[in-house]
Structure formats: C-alpha cells, structure tokens
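K.L.:
Sequence and predicted structure, then a few things I'm wondering about:
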Amino acid sequence: MKTSEIMQKLENYILSFKGIHVEETADGKVFYLVSKPFAAIFSETIEIKAKNDYNETIRILHDEISEGKIMGEGWNEIRYSENLPFEVISDMADRGYRMSYASLPKKVQREIEEYYHG
C-alpha cells in the first residue's frame, strides 16, 4: 500500500471513532478526542499515543516503530512501510483512542455516548 493510501485509510478509520475532531497544522493533521490528542498524521510519519509498557513491546516487534519525536513522550512514531501491516497501525490507533477515552471524566464519556447513541 502506498504512503498516501495508508494516510487516507488511517484518517478515515480514525474519523469513524466517536467524538473526534481534527486540527490541521503546517506539518500534518492532529486527531483529538475532546481536548486530548491521540494520533497525528504527518507527511512521512504517523504518531500515536500509547501506554509506556506497550510502547516498548511494539518497538521491539517492528523496526518501523520508534519513540515519537514530534508529539512528545508517550507517543510512538511509525515510519511508512509496505512491510508494516495496516492492522498494526489501526490497532495502535484503537489503543490510543481507548486510552484517551478512559482518561476522560465519566460525565464527558456519557455525553459522548449520548450524542452518538441518543
């Protein structure tokens, strides 16, 4: 899959999550759940927020994944590669979203659920 296809597929996938908004920057797009950024797509890399224990494991398993350089600590940088299955990237996006969702106050979680189900 070409880089542009990966970017578009990931963007569409992330936008299917509840409560997402996007901010475009000079470097790319940052995806937020309410006020919490959890993923970013740049011209040559993707960065996704993750728990520290998962960060270490995923970086050992895949050479294309390293410590995030743009978004800061607790983020993984993914270099586009045809060798890295999209399922790995989408699973990382799921984890980042769930981690951000879990950190929201219960009231905000209920509001998101009511908005999308009510």
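P.N.:
Now that the structure is in, tell me what you want to look at.
K.L.:
what does stretch 54-63 contact?
P.N.:
If you take Cβ atoms under 8 Å, 6 or more residues apart in numbering as the criterion, stretch 54-63 is touched by 50, 65-67, 74, 76, 84, 88, 92, 95. C-beta here means a position set from N, CA and C on the backbone, and glycine is covered the same way.
K.L.:
hmm, try it at 6 Å
P.N.:
65, 76, 84 (Cβ atoms under 6 Å, 6 or more residues apart in numbering).
K.L.:
pLDDT-wise, what's the bottom of these?
P.N.:
The pLDDT minimum for the contacts of stretch 54-63 sits at Leu84, where the score is 91.
K.L.:
Just give the nearest non-adjacent residue to Glu113, would you?
P.N.:
Take Glu113 and drop its neighbours on the chain: the residue closest to it by Cβ to Cβ, 6 or more residues apart in numbering is Lys18, 7.5 Å away.
K.L.:
Secondary structure class of the one you found, three-state.
P.N.:
coil (DSSP: H, G, I helix; E, B strand; the rest coil).
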